[in-house]
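J.: Quick one: sequence and predicted model below, then my questions.
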Amino acid sequence: MTTTKTKIAGFDFDNCLMNAAGVACMTVEELEEVKNSAAGTFVTKTATLDFRQGNPEPRYQDVPLGSINSMGLPNNGLDYYLDYLLELQESEPNRTFFLSLVGMSPEETHTILQKVQASDFKGITELNLSCPNVPGKPQIAYDFETTEKILSEVFAYFTNPLGIKLPPYFDIVHFDQAAAIFNKYPLKFVNCVNSIGNGLYIKDESVVIRPKNGFGGIGGQYIKPTALANVHAFYQRLKPEIQIIGTGGVLTGRDAFEHILCGASMVQVGTTLHKEGVVAFERITAELKAIMEEKGYESLEDFRGKLKYID
Ligand code: DHB
C-alpha cells in the first residue's frame, strides 16, 4: 500500500500535504475546511499579539504563473488561534496542528512565545522569520545577526517543538552562513520558502496590488526552482534532527515529489490552494501516489533526499 504519511517533530501525519501559512487560514471556518480536507494538518495565519487589519486592498492577486501579495500581516491576534487550537487538541487528540506567529518587534515575539509556552498548547510552533510585506520591517532572516540573537533568546525559555519559516536565499555563502546558525539550536524544522519578496507584476500599464506601489511577495510556478534549491541546500547542510518543510510552486503531484526528493518531510501548498480550493489536496495527493506507484516507492522514506547528481 502506497502511503504519503509523514512525521514532523515526532508527530504523525496521515498526509504530507498541508496549507502554506497565509492561505486558507485566517479564520476558524477556513482552518476547519483545511482540517476536514485531504490535507494532513494545517498551519494558522501568522499571528501577532494583537489583531491587525493589514494593508489596504487589493493586496493579493492571482496571476497566470503564480500570485503576488502584500497582505501586511492581517490576522485575528494570537489568542484567537491559540484558543481554537486548545479546543481542537481536546476534540481531536490524535492530530497535531501548527501555530504560526511573529511579533512586530523582537520583544513582542518573546511575549507571544512566552504565552504559547505557558499555555497547554501541545502542537507545533512555526516562527515566521520572513514576512516581506510590512512597510519599514525587513525580513528578519535576511539579517543573520538579528536572527541569531532572536533564536538564542527564544531557546532560553521555549521548550515546545519549534521551527522557522525562511525566506528564499540566493547565494551559496548565505546557505552556509544560515545553516551554521540554525545548527546551533534545537529547531525541529526549517520551512523553505516564503514568497520571493518584493516582486512587481504589471498588467497593461499598472501594478495589480495597492500597497507599496505594487511590490509584493511572489508565489506559484515562478518560485519552484528557488524553493527546491533552498530545500535541498538546507537538507545538505542541517543536522539530521532539523527536518525540512518544502513550500513553493506546488501545483501537481510531480512538484510535491520533487520537494520530497530534495529532502522535504512535509510539503505546503499556497498559491495553488488559493486558486483551486481544498480539493487541491486530494488531487495532488492522488498525483503523488501515482508517481510513487509507478516508481515502486511505498513511502516517502523510499525517495526523500535521494536527488541524483550528474557526476
Ligand atoms: C504576510 C506575508 C508573508 O509572506 C508572511 O510570511 C507573513 C505575512 C502578509 O503580508 O500578511
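T.: Perfect, I can see it now.

J.: Wait, residue 119 touches residue 83, no?
T.: No - Residue 119 is beyond contact range of residue 83, at 9.4 Å (criterion: CB atoms under 8 Å). C-beta: built from backbone N, CA, C; applies to glycine.

J.: what about the two, which has more around it?
T.: Applying other CB atoms under 10 Å to residue 119 and residue 83 shows that residue 119 carries more neighbours, namely 16 against 13.

J.: Contact partners for the more buried one?
T.: By CB atoms under 8 Å, 6 or more residues apart in numbering, the residues touching residue 119 are 82, 86.

J.: mind checking pLDDT for it?
T.: At residue 119, the model reports a pLDDT of 98.

J.: Same question for residue 168.
T.: Per the predicted model, pLDDT is 98 at residue 168.

J.: What lies in contact with the helix or strand where residue 146 lies?
T.: Following DSSP states H and E, one finds residue 146 within helix 144-154. Applying CB under 8 Å, 6+ apart, the set of residues contacting helix 144-154 from outside is 106, 109-110, 113, 127, 129, 140-141, 162, 164, 177-178, 181-182, 184-185, 187.

J.: List the beta-bridge partners for the nearest residue to residue 43 once chain neighbours are set aside.
T.: The spatial neighbour of residue 43 that comes closest, neighbours along the chain excluded (CB to CB, 6 or more residues apart in numbering), is residue 98 at 3.8 Å. Residue 98 has the following beta-bridge partners by DSSP bridges: residue 43, residue 124.

J.: wait, what's in contact with residue 98?
T.: Per CB under 8 Å, 6+ apart, neighbours of residue 98: 18, 21, 41-44, 123-126.

J.: mind putting these in a markdown table, pLDDT included?
T.: As requested, the contacts of residue 98 are exported to a markdown table (pLDDT from 0 to 100):
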| residue | pLDDT |
| --- | --- |
| 18 | 99 |
| 21 | 98 |
| 41 | 99 |
| 42 | 99 |
| 43 | 99 |
| 44 | 99 |
| 123 | 98 |
| 124 | 99 |
| 125 | 99 |
| 126 | 98 |
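
J.: want to throw the residues you listed into JSON lines with distance to the ligand?
T.: Below are the contacts of residue 98 laid out as JSON lines (distance: CB to the nearest ligand atom, whole Å):
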{"residue": "18", "distance to the ligand": "15"}
{"residue": "21", "distance to the ligand": "6"}
{"residue": "41", "distance to the ligand": "18"}
{"residue": "42", "distance to the ligand": "16"}
{"residue": "43", "distance to the ligand": "11"}
{"residue": "44", "distance to the ligand": "11"}
{"residue": "123", "distance to the ligand": "19"}
{"residue": "124", "distance to the ligand": "17"}
{"residue": "125", "distance to the ligand": "15"}
{"residue": "126", "distance to the ligand": "10"}
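
J.: So which of the contacts of helix 144-154 would count as near the ligand as well?
T.: Counting by CB under 6 Å from any ligand atom, nothing from these sits close to the ligand.

J.: Restricted to helices, list those.
T.: Using DSSP state H, the members of the contacts of helix 144-154 that fall within helices are 106, 109-110, 113, 177-178, 181-182.

J.: For residue 251, which non-adjacent residue is closest in space?
T.: residue 272 (5.0 Å).

J.: and that neighbour, how many residues sit next to it?
T.: Look at residue 272: counted by other CB under 10 Å, it has 25 neighbours.

J.: give the contact list for it.
T.: Taking CB under 8 Å, 6+ apart, one finds 220, 250-251, 280, 284 in contact with residue 272.

J.: and the stretch 151-300 of the chain, which residues reach the ligand?
T.: Counting by CB under 6 Å from any ligand atom, the stretch 151-300 of the chain sits next to the ligand at 194-195, 217.

J.: any chance of the residues you listed in TSV, with distance to residue 306 and neighbour count too?
T.: TSV is the format used below for those (distance: CB to CB, whole Å; neighbours: other CB atoms under 10 Å):
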residue	distance to residue 306	neighbour count
194	26	29
195	28	31
217	31	25
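
J.: Narrow the residues you listed to those in strands?
T.: Mapping those onto strands (DSSP state E) picks out residue 217.

J.: from the residues of the stretch 151-300 of the chain next to the ligand, which is closest to residue 59?
T.: residue 217 (10.6 Å; CB to CB).
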